[in-house]
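>>> I'd like to go over a predicted model; first the sequence, then the structure.
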Amino acid sequence: MPAPATPEVFVHHVLFYLPATATDADRAGLLEGLQKMRAIPAIQLMHIGTPAATDRAVIDRAYAFSLLCLFASAADEQIYQHHPLHDDFRNECAQYWEKVVIYDAVSAA
């Protein structure tokens, strides 16, 4: 019996790096902006995190916040990209980070 097909999933993972001069208010502003995007209907699952206390040479712990979003399809991720709440987030919160790294992935099989 063949294995069931893997459902299409689009993963959008964003790491936000703040400048060394970032204040607690800057962190709070970025977190508030991230939380507002929970209202975007195309997002199936959203996780906002901070670096775990793990300590191995291969782990990047220099970022301030991680945003992980799962979408049912690449088309849904595009809806998110063009949603007014996502536009507001970029416009209002870009002041808080100095670097953003994005990893987008689709199901391998």
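Cool, got the structure.
>>> going forward, measure contacts and count neighbours with C-alpha atoms only.
Will do.
>>> where does this protein dip in pLDDT?
The chain contains residues with pLDDT under 70 at 1-6.
>>> residues contacting the residue nearest the centre of it?
In the chain, the centroid-proximal residue (C-alpha atoms, centre = their mean) is residue 67; its distance is 2.4 Å. Going by C-alpha atoms under 8 Å, 6 or more residues apart in numbering, residue 67 touches 12, 13, 14, 15, 34, 46, 47, 48, 49.
>>> give me the beta-bridge partners of the first one?
By that I understand residue 12. Under DSSP bridges, the beta-bridge partners of residue 12 are residue 69, residue 104.
>>> so it is in contact with residue 101, correct?
No - using C-alpha atoms under 8 Å, residue 12 is not in contact with residue 101, being 10.7 Å away.
>>> more neighbours: the two, which one.
Neighbour count, other C-alpha atoms under 10 Å: between residue 12 and residue 101, residue 12 has more, with 19 against 11.
>>> state the distance from the more buried one to residue 108.
Plainly put, residue 12 is 15 Å away from residue 108 if you go by C-alpha to C-alpha, to the nearest Å.
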